[in-house]
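Enquirer: this one's sequence-less:
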């Protein structure tokens, strides 16, 4: 869970840090994209796996891959909470 990752990051105050230190804008960026993965990508992935309707699966598949492309374009080379 993201809450556990945040706890570990705050509790053990040494590198690697999952949330950027001393930069609220970067921290917000990491949290926004973490939420994107949870709310957009994972939901469509689960619909793709669980829905019995082939049309709904096809729609979820296309949406999932589009969101993966959006996510990939936005990522940086720094490891953060989003990568976990």
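Expert: Good, I have the coordinates. What you see is a predicted model, and the numbers here were worked out from it, not measured in a lab.
Enquirer: which stretches of this structure aren't confidently modelled?
Expert: 1, 78-84 (pLDDT under 70).
Enquirer: just the helices in it please.
Expert: Under the criterion DSSP state H, the chain contains helices at 2-11, 24-36, 42-50, 54-74.
Enquirer: looking at the ones you listed, which is closest to residue 18?
Expert: For those, the distance to residue 18 is smallest for helix 2-11, at 4.3 Å, taking CB to CB. All C-beta spots, glycine's among them, are computed from the backbone N, C-alpha and C.
Enquirer: quick check: angle from that closest one to helix 24-36?
Expert: On the basis of axes from the mean of the first three to the mean of the last three CA atoms, to 10 degrees, helix 2-11 is oriented at 150 degrees to helix 24-36.
Enquirer: please state the offset of helix 2-11 from the chain centre?
Expert: Its chain's average C-alpha position is 15 Å from that of helix 2-11, according to CA atoms, centre = their mean, to the nearest Å.
Enquirer: could you do stretch 24-38 as well?
Expert: 8 Å.
Enquirer: what does stretch 46-54 give?
Expert: The answer for stretch 46-54 is 21 Å, by CA atoms, centre = their mean.
Enquirer: likewise stretch 50-60?
Expert: Using CA atoms, centre = their mean, the offset of stretch 50-60 from its chain centre is 22 Å.
Enquirer: mind listing what's buried in it?
Expert: residue 60 (16 or more other CB atoms under 10 Å).
Enquirer: likewise stretch 9-27?
Expert: For stretch 9-27, using 16+ other CB under 10 Å, the buried residues are 9, 17, 18, 19, 20, 27.
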